[in-house]
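Participant: for reference, the sequence and a predicted model appear below.
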Amino acid sequence: MLRVAMMFVSSRAVAEEVVQEAWLGVLKGLDRFEGRSSLKTWIFRILTNTAKTRGEREGRSVPFSSLGGDAGDDEAPVDADRFFGDGHRWAGHWASSPRNPRDVPEERLLADEARQRIAAAIETLPENQRAVITLRDVDGFDADEACEILGISEVNQRVLLHRARTKVRSALGQYLDEEAAA
Amino acid sequence: MKWWQWSRRRSGPPQSRPEDISCREIVLIVNDYVEGALPVDEREAVEMHLNLCDGCTDYLDQLRISIELTGEVPTDPLAPEFEEELCFAFRSFTRP
Amino acid sequence: MTAYKFLRAGSVGPFTGFRWEPGQWVETDRAAPCETGVHACRVDDLPYWCSDELWEIELDGDVVSAGYKVVASRGRLVRRVEAWHKVAAQELADAAAARSRGLSDAKPRDAMLRAYAEDAERRAGQGKVYVATFIAAVAAEHAGGPPGRDAERAAQVDWFRRLLG
């Protein structure tokens, strides 16, 4: 929840206050909860509303969709040189294909090293991508719930998720390449 | 326009056959495939391609595993004093 | 209606991972291609979906035809096509590669066609059956345009017809 709150406010300290305020909002509003969404979604919605209000009061009224910006996201999901180039009879097909994750012994895959790489990749994501991948793949919300919580469109959610997961996959891919070379 | 946007538009010889989808295009849409968000004809193209392409099958497996590993990343633990404050707020909350 | 279904070793659906029990009806509430329903092949679709096991499947309920498959709301595996096994699949691949080689020999100055034929032979040699048949189709299109490709795929379908008897 702290991670989501931090998307909208200026500091961790303020985010902690937001989380606290949100929980109080939950307690006060609990008897009004109609069960149209899951309880968890409803709680997170209160959180984002609280965070946005606080963010606006601080003078931060940046629309969610532009948080993080699009500039660095013109990166291709995979280095172009891993595919055959135009003019080759197999243009667009793998020249240097990804490692089969099953080639790596399971212990290595589940090792802390792999997890650390993933965690590090998530930390470097722009805020909006980080929020979406956190809600979806860490907190386990589905696509509709994530859209509801963040107040974004289905298309927007999917684009951000694609970019975030692509970067995380890339970190894993690199780890596997290194493991195979070792 | 960036290279992957260009290839997404499939300029060049018309690719009417779903199996002609390239690995480069697969990588662009594979997350939509996982999300179940592809239109029917693209989904079929992806599956036909996966059936014959080890590289893309491995890419998809990597994507699925990285989603799993993401789920296991420990989230920010609450600072102890903050947790205490929260508990205090809960305990002293009285319904109006 | 009778159709065919390719499964991975262990009677597992190649994309869903669903484990099939021979003889047991599998039902979904509707047939929506690529979303839900039992997916199966007509004979003409077989070359595109090759996998470890080939089964005869009985389809029932709503049956919808789509692209390169049929989709039904109910289906059950009837009988395994024992004739489809590694050795037979290798024959399919070798035949396809041989046709590519034939096309290349007929056009000795076409370097790309020769490269395709070599790719097909190499993949067939590696036992990568489905890749070899795909390459053969691409080679045939290079040599003879879309009709050439259709002819190659038709030759592969004929091979399956003979297999199925």
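Facilitator: Received it, and whenever you're ready, just let me know what you need.
Participant: flag every residue of chain C that's near chain A.
Facilitator: Residues of chain C lying close to chain A by Cβ under 8 Å from any Cβ of the partner chain are C:Met112, C:Ala115, C:Tyr116. Where C-beta positions appear, they are placed from N, C-alpha and C, glycine not excepted.
Participant: near chain B at all, stretch C:51-66?
Facilitator: Yes. Using Cβ under 8 Å from any Cβ, stretch C:51-66 reaches chain B at C:Ser51, C:Ala66.
Participant: in that stretch, what counts as buried?
Facilitator: C:Ser51, C:Asp52, C:Glu53, C:Leu54, C:Trp55, C:Ile57, C:Glu58, C:Leu59, C:Gly61, C:Val63, C:Ala66 (16 or more other Cβ atoms under 10 Å in any protein chain shown).
Participant: before we move on, back to that, using TSV, please lay out the residues of chain C next to chain A together with distance to C:Gly17 and pLDDT.
Facilitator: TSV is the format used below for the residues of chain C next to chain A (distance: Cβ to Cβ, whole Å; pLDDT from 0 to 100):
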residue	distance to C:Gly17	pLDDT
C:Met112	38	96
C:Ala115	36	97
C:Tyr116	34	97
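Participant: which ones among those map onto helices?
Facilitator: When helices are assigned by DSSP state H, the members of the residues of chain C next to chain A inside them are C:Met112, C:Ala115, C:Tyr116.
Participant: burial count for the first one?
Facilitator: Neighbour count for C:Met112, taken as other Cβ atoms under 10 Å in any protein chain shown: 14.
Participant: go on, the last one?
Facilitator: Counted with other Cβ under 10 Å, the neighbours of C:Tyr116 add up to 25.
Participant: how about the nearest residue to it, chain neighbours excluded?
Facilitator: Nearest residue to C:Tyr116, sequence neighbours excluded (Cβ to Cβ, 6 or more residues apart in numbering or on different chains): C:Ala139, at 3.7 Å.
Participant: these two touch, right, the one you found and C:Glu121?
Facilitator: No. The pair C:Ala139 and C:Glu121 does not pass the contact test of Cβ atoms under 8 Å, sitting 10.6 Å apart.
Participant: looking at the two, which is more packed in?
Facilitator: Between C:Ala139 and C:Glu121, counted using other Cβ under 10 Å, C:Ala139 has the larger neighbour count: 31 against 21.
Participant: relative to A:Asp31, how far out is the more buried one?
Facilitator: 70 Å (Cβ to Cβ, to the nearest Å).
Participant: where's C:Val26 relative to C:Phe18, distance?
Facilitator: Note on C:Val26: its distance to C:Phe18, by Cβ to Cβ, is 8 Å.
Participant: check B:Pro39 too.
Facilitator: 23 Å.
Participant: could you do C:Asp150 as well?
Facilitator: C:Asp150 is 32 Å from C:Phe18, by Cβ to Cβ.
Participant: quick one: contacts for the closest residue to B:Val46 other than its chain neighbours?
Facilitator: Among residues not flanking B:Val46 along the chain, B:Tyr33 sits closest, at 5.0 Å (Cβ to Cβ, 6+ apart). B:Tyr33 sits next to B:Arg43, B:Val46, B:Leu60 when contact means Cβ atoms under 8 Å, 6 or more residues apart in numbering or on different chains.
Participant: check contacts around the second one.
Facilitator: Okay, so that is B:Val46. B:Ile21, B:Ile26, B:Ile29, B:Val30, B:Tyr33, B:Leu38.
Participant: okay, now the unreliable bits of chain B?
Facilitator: Scanning chain B with the threshold set as pLDDT under 70 gives B:1-16, B:75-87, B:89-96.
Participant: what about A:Glu107, neighbour count?
Facilitator: By the criterion of other Cβ under 10 Å, A:Glu107 has 7 neighbours.
Participant: what helix or strand is A:Gly59 on?
Facilitator: Taking DSSP states H and E as the definition, one finds A:Gly59 inside no helix or strand.
Participant: relative to C:Pro146, how far out is it?
Facilitator: Computed with Cβ to Cβ, the distance linking A:Gly59 and C:Pro146 is 62 Å.
Participant: neighbour count: those two, which is higher?
Facilitator: Remark: of A:Gly59 and C:Pro146, C:Pro146 carries more neighbours, 11 against 8, as counted by other Cβ under 10 Å.
Participant: what about B:Ala45, neighbour count?
Facilitator: With other Cβ under 10 Å as criterion, B:Ala45 counts 24.
Participant: and stretch A:98-110, what's buried?
Facilitator: Buried, per 16+ other Cβ under 10 Å, within stretch A:98-110: A:Pro98, A:Arg99, A:Asn100, A:Pro101, A:Val104, A:Leu109.
Participant: OK, contacts around the closest residue to C:Ala115 other than its chain neighbours?
Facilitator: The spatially closest residue to C:Ala115, leaving aside those adjacent along the chain, is A:Arg89, at 5.8 Å (Cβ to Cβ, 6+ apart). In this structure, A:Arg89 makes contact with C:Met112, C:Ala115, C:Tyr116, judged by Cβ under 8 Å, 6+ apart.
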